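Trainee: curious how this folds, go ahead:
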Amino acid sequence: MAPALLLIPAALASFILAFGTGVEFVRFTSLRPLLGRISESGSPDARQGWLAALQDQSILVPLVWDLGLLLLFVGQHSLMATETVKEWMSRYFGVLQRSLYVACTALALQVYYHVLGLGEPLALKSPRALRLFSHLRHPVCVELLTVLWVVPTLGTDRLLLALLLTLYLGLAHGLDQHDLRYLRAQLQRKLHLLSRPQDGEAE
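Mentor: All right, here's what the predicted structure looks like:
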C-alpha cells in the first residue's frame, strides 16, 4: 500500500504540469499581443482592430501560411492515427510503425521550420544553451526515471533496467560553473518577466 501512495504525488505533479501547460497555451494564443493594449475583447476598439487586421495583406498572407502549416501538422497526426493507416503500417513495418509515425511528425515540423526560414531548431539557441544541452540528457528523462522507479513492485529484470538506465542518464550529466551561471541567469530572467505587470494591470 505504501509504494502505491508514492504514485499520488507523481500523478498530482503530472496533472499540475499538464494544466499549467494548457493555461500557458491559452495565454500564448490570446489576442492581446496582436491587438495591443485593449482591455475588453468586446469593445469597439477590439472590433476595429479585427477589421483592420483582416484587411491588411501583410497579416492575411502569413495567416494563410500558418493555417496551411497547421493543417499539415493536424492532417498528418489525424491520418496516421486512424486504425486503417495504423493497421497498414503495422503490416508492412511491424514494430517500426510508431517510429515511422514520430519520424513523419518530425518531418512535418521540419517543413514548418523550412517555410519560415528558421533552419535547424537548435540553430536558434544561443551558444551557452547549446553548451548546456551537450552536458545533460533531455529533461523528459526525469519522467522516464519516475516511471522506472515509482512502482508498487520491482522485479529483478525491472530493477536491472532501472539501474542501467539511471546510470546511463546520470553519467551524461556534467554541469560546470558556466552551466550553473547560465541556468541562474535564465531563472532570474524568467522571474523578472513574471514579476512585470501585465497589460491592463495597474502599475
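
Trainee: and Arg189, how far from Leu164?
Mentor: Separation of Arg189 from Leu164 (C-beta to C-beta, to the nearest Å): 37 Å. Using the backbone N, CA and C atoms, a C-beta is placed for each residue, glycine as well.

Trainee: ok, now Pro62?
Mentor: In this view, Pro62 and Leu164 are 48 Å apart by C-beta to C-beta.

Trainee: mean confidence for stretch 56-64?
Mentor: Per-residue pLDDT over stretch 56-64 has a mean of 81.

Trainee: ignore what I typed, I meant stretch 148-158.
Mentor: According to the model, stretch 148-158 has a mean pLDDT of 82.

Trainee: okay, that stretch in PDB with CA atoms only?
Mentor: Taking C-alpha atoms only, stretch 148-158 is exported to PDB below (Å, rounded to 0.1, in the frame of the first residue of the first chain):
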ATOM      1  CA  LEU A 148      11.000   3.100 -13.800                       C
ATOM      2  CA  TRP A 149      11.300   3.600 -10.100                       C
ATOM      3  CA  VAL A 150       7.900   4.700  -8.700                       C
ATOM      4  CA  VAL A 151       6.100   1.400  -9.000                       C
ATOM      5  CA  PRO A 152       4.400  -0.800  -6.400                       C
ATOM      6  CA  THR A 153       6.700  -3.800  -7.100                       C
ATOM      7  CA  LEU A 154      10.200  -4.000  -8.600                       C
ATOM      8  CA  GLY A 155      11.200  -7.300 -10.200                       C
ATOM      9  CA  THR A 156      14.700  -8.300 -10.900                       C
ATOM     10  CA  ASP A 157      14.500  -7.500 -14.600                       C
ATOM     11  CA  ARG A 158      12.800  -4.200 -13.900                       C
END
